[in-house]
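1. return a 3D structure for these sequence lines:
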Amino acid sequence: MVLNCRSLSGLVLAALALVTSACTHGEADAMALTHGGDAARGKELIRTYGCGSCHTIPRVPGAESTVGPSLQGEATRAYIAGVIPNQPENMIRWIMNPPGVDDKTAMPNLHVTATDARDIAAYIYTLQ
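-> Residues are numbered from 1 along each chain as shown. I've put the predicted structure just below:
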């Protein structure tokens, strides 16, 4: 089989996407993935918005509910809420307005701002 530069670069990009989608992320990686999201601030915002009233969220005091799914390992899941690919832009959209992404979701629209959603997403991408 002969590979030209275009097919080889496509193959390399596909392999890189596969490898990075299976990895978990530290705070620096989460910041890069979310274009500057602040994971520490995101953790505090999770408390402010009351996300722990429905979700179990690692390292967030009081976030031990089972109404919604646990966010443990969210960084490694292929899909967000089983409906959209787990990519930073999608995660931010989901946090800002879940019913706008999936009208059948039970997760309410908490009117999270774009900046807050970016920071919350950065924290979520640290969860392994």
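2. what about the chain, any weak spots by pLDDT?
-> Within the chain, the stretches with pLDDT under 70 are 1-32.
3. can you give me the helices for it?
-> In the chain, the helices defined using DSSP state H lie at 5-21, 27-33, 39-49, 88-96, 98-101, 114-124.
4. just grab the bridge partners of the spatially closest residue to residue 70 that is not a sequence neighbour for me.
-> Nearest-residue entry for residue 70: residue 56, 4.1 Å, with adjacent residues in sequence omitted and distances by Cβ to Cβ, 6 or more residues apart in numbering. In this view, the C-beta of every residue, glycine as well, is placed from N, C-alpha and C. Beta bridges link residue 56 to residue 64 when assigned by DSSP bridges.
5. any idea how far residue 56 lies from residue 87?
-> 23 Å (Cβ to Cβ, to the nearest Å).
6. ok, now which ones touch residue 34?
-> Residue 34 sits next to 88, 91, 92, 118, 119, 121, 122, 125 when contact means Cβ atoms under 8 Å, 6 or more residues apart in numbering.
7. so how far is residue 103 from the first one?
-> Spelled out, it's residue 88. Residue 88 is 23 Å from residue 103, by Cβ to Cβ.
8. compare these two (neighbour count), which wins?
-> residue 88 (18 against 7; other Cβ atoms under 10 Å).
9. I figured that one hits residue 35, correct?
-> Yes - when contacts are counted by Cβ atoms under 8 Å, residue 88 is listed as touching residue 35 (7.4 Å).
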